[in-house]
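Student: fold the following and give me the result.
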Amino acid sequence: MPKITQKVYLEVKFASYKPKKLVIGLFGEVMPKTVENFLALCTNPDGPSYNGSTFYRVLSGMSIQGGAIGNASGKSGTSAFEGGKPFSPDNFKIRHTKVGLVSAVRTMNGDIDSRFFVQTESDAGWADDRYAAFGVVLEEDETGGMDLVRRISRVDVKTPQNSPKDPVMIVGCGVVED
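Tutor: Below is the predicted model:
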């Protein structure tokens, strides 16, 4: 696993659960622009932010997808750069061999915006060379960790989009200070 250069959190609320923090370690040395985008979307008080967005798709046994800023359906998102324009991935070096990897969802043109997915299986080779992994869910004291991801992955969904029947909201986000 690459070195974690920063930690951020997404505070997630759904069903009758109290909000829980999902802490994500970011691989800034290997994925600098992708991490810069994700970090900005976690900390931007006046522009696009993950705060108020949702986990819009749940693919049980595969991934949970979130962060479609400005488009609740998940068809597009908004980057933190140049008026929200998508950008090219840094690279595809990180292999999808670990539960909890966080990767950028790509646009139809192959670029990146705000959308991401959390891998819920240990072998997601289908994502290698197609999706840019840039972080990993961390198990921190008093946070949701992979238990929170697993709970989200089991919510009831509407077909055919696999969107949660009840919203899975990101109600806060920011940097984890060490």
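Student: name the nearest residue to Gln161, ignoring sequence neighbours.
Tutor: Of all residues not flanking Gln161 in the chain, Arg57 sits nearest, at 6.6 Å (CB to CB, 6 or more residues apart in numbering). Where C-beta positions appear, they are placed from N, C-alpha and C, glycine not excepted.
Student: for Lys13, same thing?
Tutor: The nearest residue in space to Lys13 (CB to CB, 6+ apart) is Pro19, at 4.3 Å.
Student: surely Arg95 touches Asp129?
Tutor: No - here Arg95 does not reach Asp129: they are 9.2 Å apart, not a contact under CB atoms under 8 Å.
Student: circling back: contacting residues for the residue nearest to Lys13?
Tutor: 11-13, 171-172 (CB atoms under 8 Å, 6 or more residues apart in numbering).
Student: where does Glu36 sit: helix, strand or coil?
Tutor: helix (DSSP: H, G, I helix; E, B strand; the rest coil).
Student: what does Thr97 give?
Tutor: Following three-state DSSP, Thr97 is assigned to coil.
Student: name whatever forms a beta bridge with the residue positioned nearest the centre of the chain.
Tutor: Nearest to the geometric centre of the chain sits Phe116, at 3.8 Å (CA atoms, centre = their mean). As for beta bridges, Phe116 partners with Gly66, Ala104 under DSSP bridges.
Student: surely Val12 is in contact with Asn51?
Tutor: No - using CB under 8 Å, Val12 is not in contact with Asn51, being 11.3 Å away.
Student: quick check: next helix or strand after the helix or strand bottoming out on mean pLDDT in the chain?
Tutor: Every helix and strand of the chain was ranked by mean pLDDT, DSSP states H and E. The lowest is helix 145-153, at a mean of 93. Using DSSP states H and E, the helix or strand that directly follows helix 145-153 along the chain is strand 157-158.
Student: pull the residues that contact the helix or strand just after that next one.
Tutor: Following strand 157-158 in sequence order, the next helix or strand is strand 163-164 (DSSP H and E). Contacts to strand 163-164, defined as CB under 8 Å, 6+ apart, come from residues 14, 54-58, 73-74, 155-158.
Student: okay, these in TSV with distance to Gly47, neighbour count and pLDDT next?
Tutor: Formatted as TSV, those follow (distance: CB to CB, whole Å; neighbours: other CB atoms under 10 Å; pLDDT from 0 to 100):
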residue	distance to Gly47	neighbour count	pLDDT
Phe14	25	19	94
Thr54	18	21	96
Phe55	21	28	97
Tyr56	20	23	97
Arg57	24	22	96
Val58	28	23	96
Ser73	21	10	85
Gly74	20	20	90
Val155	29	18	95
Asp156	33	9	95
Val157	30	17	96
Lys158	31	9	95
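Student: how near is the residue nearest to the centre of the chain to Glu142?
Tutor: According to CB to CB, to the nearest Å, Phe116 and Glu142 sit 23 Å apart.
Student: fine by me, we can end here.
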